[in-house]
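Enquirer: using only what follows, build the 3D model:
(one chain, ligands or ions: 3)
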Amino acid sequence: MPILGGLMGSTSQTEQHLSDIISKFDIDDMIVSAKPFGSGHINDTYRLLNQDEYGNDYLLQRINHHVFKDVALLMNNLLQVTRHLKQKLSAVPGADATQNVLTIIHARTGETFFEDADGNFWRMFYFLKGTRSYDQVTTETQAFEGGKAFGRFQTQLADLDTSLIKDTIPDFHNIAYRLQNLENAIERNAAGRLSEVLPEVDFISRRAEDMQQILLLGKNGLLPLRIVHNDTKFNNVLLDGDDKAQCVIDLDTVMPGYVAYDFGDSIRTIINTAAEDEADLSVINLNLKLFEAYTRGYLQESVAFLEKMEIDTLINGVLLLPYIQAVRFLTDYLEGDVYFKIHSPSHNLQRTRAQLALVKKLEDNKAILEHIIQDTRQSFKAKI
Ligand code: ADP
Ligand code: GN1
Ligand code: MG
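Expert: Numbering: from 1, shown residues only. Ligands and ions are numbered 1, 2, ... in the order given. Reported below is the predicted structural model:
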């Protein structure tokens, strides 16, 4: 049994509850604190500190089961993906499967998660010490390393048996489905906020058709479905103390999809000189150097397996992902903030506006961005 040192003596109800949860997992360490960690919008995350500073720390998460409705299916995906990645790494000199891939700590029942009496679902991983995740990227090294990490991730999953991976959130990046949801939210106007957002609705409607390109190419069999990450915002890759890529995390949405989705979602968070939810739209600009660095890192690792059409549609992903994100934030705003964690009543509206401002900037610079992608591709093609 783990001895929950500091936690055990605690009077806080939350800590006592966490202490009970921790005791259900198969670890024998003395955990002295459990502190909320990270800035994810979906799960509740805690870092568990080991009394022994040289021992393992752990990451405990309460899985958001309103978002991930089938937790057993979700965790089975994670098991398959992490197993596959660890196996791949065993052939790579210098790679360390425990440091470079998430490790699931099983519950004492042998399951990959624990369901508490209130119907909450919990899981645990090793906490990767000495790593950092960035909500915003500031250096080309960070961008390049992030690109390498996600490019490698896709490459390593390219031969995973797709039948092992199930949809955790069906139609996750299906823009037609997301627009339909927005349409429904507009009709219901559940939170009475529609009159505030008419310019945003108009901006979105005017682009609805153009944004369907990836979906249409896919439907027509011109783009291969791959196992992709689907949530490649930059804080879902851990960099080490030297800002080298260490581990891709947040594997909940690893599902079949198109590679442009992953590229676009990373770029959404890298190229933007401001935060995802920036209130001052005038400071939302593009950092082309970071875009170039990410593209170089990404293609370096993935160009060998990508089809030409996949590279040609990366630019569509760059425009689509901030757009689809805005559609989702706006839908949530209209529905009364039922999906994303918010920090103020207008947070989802602020996020929507910031993402739409980014879409506009990206549209204005589309030709330059496309040029950078194709130039980078050429430089690698020449080498292989
Ligand atoms: P969410 O789905 O809510 O975004 P994540 O799985 O991304 O949850 O975790 C939230 C944050 O916790 C991450 O952005 C990262 O900073 C940190 N994190 C997640 N897993 C680990 C880990 N194994 N080791 C260290 N930090 C981690
Ligand atoms: C959520 O879980 P997190 O914070 O990494 C969301 C993503 C969005 C992102 C926007 C399962 O990601 O799809 O792009 O917020 N995850 C889910 O910041 O909906
Ligand atoms: Mg995350």
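
Enquirer: so how far is residue 45 from the residue in the stretch 101-250 of the chain that ligand 3 sits nearest to?
Expert: Here the stretch 101-250 of the chain gets closest to ligand 3 at one residue, residue 250, 3.7 Å apart by CB to the ion. To be clear about C-beta, it is placed using only N, CA and C from the backbone, and glycine gets the same treatment. Distance, residue 250 to residue 45, by CB to CB, to the nearest Å: 10 Å.

Enquirer: which parts of the stretch 151-300 of the chain sit against ligand 1?
Expert: Residues of the stretch 151-300 of the chain lying close to ligand 1 (CB under 6 Å from any ligand atom) are 235, 236, 238, 249, 250.

Enquirer: would you reformat those residues as TSV and include pLDDT?
Expert: Converted to TSV, these look like this (pLDDT from 0 to 100):
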residue	pLDDT
235	94
236	96
238	98
249	97
250	97
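
Enquirer: closest one to residue 266 out of those, please.
Expert: Closest to residue 266 out of these is residue 236 (8.9 Å), distances taken as CB to CB.

Enquirer: which ones are touching the closest residue to that closest one other than its chain neighbours?
Expert: The shortest distance from residue 236 to any non-neighbouring residue, by CB to CB, 6 or more residues apart in numbering, is to residue 250 (4.1 Å). Residue 250 makes contact with 40, 231, 236 under the criterion CB atoms under 8 Å, 6 or more residues apart in numbering.

Enquirer: just checking: which of those residues also lie near ligand 3?
Expert: 40, 236 (CB under 5 Å from the ion).

Enquirer: any weak-confidence spans in the stretch 251-384 of the chain?
Expert: Low-confidence segments of the stretch 251-384 of the chain (pLDDT under 70): 382-384.

Enquirer: same thing but 80
Expert: Along the stretch 251-384 of the chain, the parts satisfying pLDDT under 80 run over 381-384.

Enquirer: so which residues of it form strands?
Expert: Along the stretch 251-384 of the chain, counting by DSSP state E, counting those that start in this stretch, strands occupy 255-257.

Enquirer: I'd guessed residue 173 sits against residue 257; true?
Expert: Yes - counting by CB atoms under 8 Å, residue 173 touches residue 257, with 6.0 Å between them.

Enquirer: quick one, which of these two is more surrounded?
Expert: Higher neighbour count among residue 173 and residue 257: residue 173, with 27 against 21, using other CB atoms under 10 Å.

Enquirer: how about the nearest residue to that one, chain neighbours excluded?
Expert: Nearest to residue 173 is residue 261, by CB to CB, 6+ apart, at 4.8 Å.

Enquirer: same question, residue 105
Expert: Residue 105 sits nearest to residue 124 (CB to CB, 6+ apart), 4.0 Å away.

Enquirer: let me know the secondary structure of the one you found.
Expert: On the three-state scheme (DSSP: H, G, I helix; E, B strand; the rest coil), residue 124 is labelled strand.

Enquirer: what does the stretch 1-150 of the chain have sitting close to ligand 2?
Expert: Counting by CB under 6 Å from any ligand atom, the stretch 1-150 of the chain sits next to ligand 2 at 40, 41, 42, 67.

Enquirer: hmm, try it at 8 Å
Expert: Those residues of the stretch 1-150 of the chain that sit near ligand 2, judged by CB under 8 Å from any ligand atom, are 39, 40, 41, 42, 43, 64, 67, 68.

Enquirer: ok, the third one - contacts?
Expert: It refers to residue 41. Neighbouring residues of residue 41 by CB under 8 Å, 6+ apart: 340, 341.

Enquirer: what about it, which SS state?
Expert: coil.

Enquirer: quick one: it from residue 284, how far?
Expert: 19 Å.

Enquirer: ditto for the fifth one
Expert: Separation of residue 43 from residue 284 (CB to CB): 27 Å.

Enquirer: stretch 352-372: how far from the chain's middle?
Expert: 20 Å (CA atoms, centre = their mean, to the nearest Å).

Enquirer: meant to ask about stretch 127-141
Expert: Taking CA atoms, centre = their mean, the mean C-alpha location of stretch 127-141 is offset from the chain mean by 14 Å.

Enquirer: which neighbours do residue 173 and residue 257 have in common?
Expert: The overlap between the contact sets of residue 173 and residue 257 (CB under 8 Å, 6+ apart) consists of residue 230.

Enquirer: next, count neighbours for the residue nearest to residue 105.
Expert: Number of residues near residue 124 (other CB under 10 Å) recorded here: 25.

Enquirer: tell me the contacts of it?
Expert: 22, 25, 27, 48, 58, 59, 60, 61, 104, 105.

Enquirer: let me know whether the first one touches residue 50 as I believe.
Expert: No - no contact is recorded between residue 22 and residue 50 when judged using CB under 8 Å, the distance being 11.4 Å.

Enquirer: list the residues that contact both of the two?
Expert: Common contacts of residue 22 and residue 50 (CB under 8 Å, 6+ apart): 31, 58.

Enquirer: okay, the residue nearest to residue 105: pLDDT?
Expert: Looking at residue 124, its pLDDT reads 98.

Enquirer: which strand residues bridge it?
Expert: residue 60, residue 105 (DSSP bridges).

Enquirer: gap between the residue nearest to residue 173 and residue 175?
Expert: Relative to residue 175, and taking CB to CB, residue 261 is found at 10 Å.

Enquirer: thank you kindly, that will do.
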